[in-house]
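*Asks:* Pasting the sequence and the predicted coordinates here, then a few questions.
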Amino acid sequence: MKWELIYGIVYSAVAVHGVRADASMVTYQVGDLEVHLLVEQQGQGSGSILLGASEGNLNRYIPGGTYQSETNTLLIRSPDRILLVDTGFGGALFDHLTRLGIDPDQVDAVLLTHLHGDHIGGLQTAGKARFPRASVYLAQQEKTYWTETARNRAAVAALAPYGSRVHTFLPAPLGSAEELIPGIRAIAAFGHTPGHTLYQVESKGQKLLIWGDLMHVQDIQFPLPGISVSYDTDPQAAGAIRKQVLDYAVQNKVPIAGMHLRYPGIGTVTAEGEGYRFSPLGGR
Ligand SMILES: [Zn+2]
């Protein structure tokens, strides 16, 4: 699909719902599904989180030692259901929902990429579910690690109010993942965390790969994908799966969306030199 066409669809979709495009929300059509990338937070990140980058590469790609960081969530709307992928810190997300005319009790399911605080912050407040009707989906490995092995209090608290509406699954590797729910495949991308999961959205032959935290610092990790960050539980595994997913996106021309890619946070990937090049939606 040509970018001009996608842009046309984006803006017609925006017009349909009366939402103005600005630097905090992007609407992207995948067949019958409308996907909104919602910016939760923008700021400055420190290059000190990068592992294994040479001085020369740091100076080249992260001049000054800082980069523009961002945290996003995604909302997927079909004619019969509303899904969220992650919940950010639980701040701007709720303003975005209001602007979209969506009440939190209309959200049918929350799909979690992993259980870090910047992805589950919107699940609960004061022990109450902020999405009272929603089911929560996450990888079994992720739930086990954070609620049993590592016993992270925030992760336990985030899931607790959802009780029996928390559903776990075993994500499959790229290319062999079955549908978790209609139109959505859950793909194993362990490394950033032990159960880190990507969600591929598909409708009418069009696809979008929501890749969660496969990458944190796009300025250096597209050209040098072997570089991981200190947040990665297993930096080596994170680097290996990052390259595999990038190859998949290039070879299959599947657009990608990321929770820490800068606005518009959605685009395509091509091979370039030893690494990759990201072309954000709109061709900037
Ligand atoms: Zn994150």
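*Replies:* On my side now, so go ahead.
*Asks:* Please report how far Leu159 lies from the ion.
*Replies:* According to C-beta to the ion, to the nearest Å, Leu159 and the ion sit 17 Å apart. To be clear about C-beta, it is placed using only N, CA and C from the backbone, and glycine gets the same treatment.
*Asks:* ok, that residue - contacts?
*Replies:* Residues in contact with Leu159, defined by C-beta atoms under 8 Å, 6 or more residues apart in numbering, are Leu123, Val136, Lys143, Thr147, Val166.
*Asks:* Kindly report the same for Ser24.
*Replies:* Taking C-beta under 8 Å, 6+ apart as the definition, contacts of Ser24 comprise Leu38, Val39, Ala92, His96, Tyr263.
*Asks:* can you rerun that using 6 Å?
*Replies:* Contact analysis of Ser24 by C-beta atoms under 6 Å, 6 or more residues apart in numbering lists Val39.
*Asks:* one step back: what's the closest of the contacts of Leu159 to the ion?
*Replies:* Ranked by distance to the ion (C-beta to the ion), the contacts of Leu159 are led by Leu123 at 14.4 Å.
*Asks:* Pull the residues that contact the helix with the most length in the chain.
*Replies:* For the chain, the helix reaching the highest residue count under DSSP state H is reported as helix 235-252. Where contact means C-beta under 6 Å, 6+ apart, the residues beyond helix 235-252 that reach it are 51, 174, 189, 191-192, 214, 225-226, 228, 232, 256, 269, 271, 276.
*Asks:* can you pull the alpha-carbon coordinates of that helix into PDB?
*Replies:* The C-alpha trace of helix 235-252 is given here as PDB (Å, rounded to 0.1, in the frame of the first residue of the first chain):
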ATOM      1  CA  PRO A 235      20.300  -8.200  26.600                       C
ATOM      2  CA  GLN A 236      21.800 -10.900  24.300                       C
ATOM      3  CA  ALA A 237      18.400 -12.600  23.700                       C
ATOM      4  CA  ALA A 238      16.900  -9.100  23.200                       C
ATOM      5  CA  GLY A 239      19.400  -8.300  20.500                       C
ATOM      6  CA  ALA A 240      18.900 -11.600  18.700                       C
ATOM      7  CA  ILE A 241      15.100 -11.400  18.600                       C
ATOM      8  CA  ARG A 242      15.300  -7.700  17.600                       C
ATOM      9  CA  LYS A 243      17.300  -8.700  14.400                       C
ATOM     10  CA  GLN A 244      14.900 -11.500  13.600                       C
ATOM     11  CA  VAL A 245      11.800  -9.300  13.900                       C
ATOM     12  CA  LEU A 246      13.500  -6.500  11.900                       C
ATOM     13  CA  ASP A 247      14.300  -9.100   9.100                       C
ATOM     14  CA  TYR A 248      10.700 -10.300   9.200                       C
ATOM     15  CA  ALA A 249       9.400  -6.800   8.900                       C
ATOM     16  CA  VAL A 250      11.700  -6.100   6.000                       C
ATOM     17  CA  GLN A 251      11.100  -9.300   4.100                       C
ATOM     18  CA  ASN A 252       7.300  -9.300   4.600                       C
END
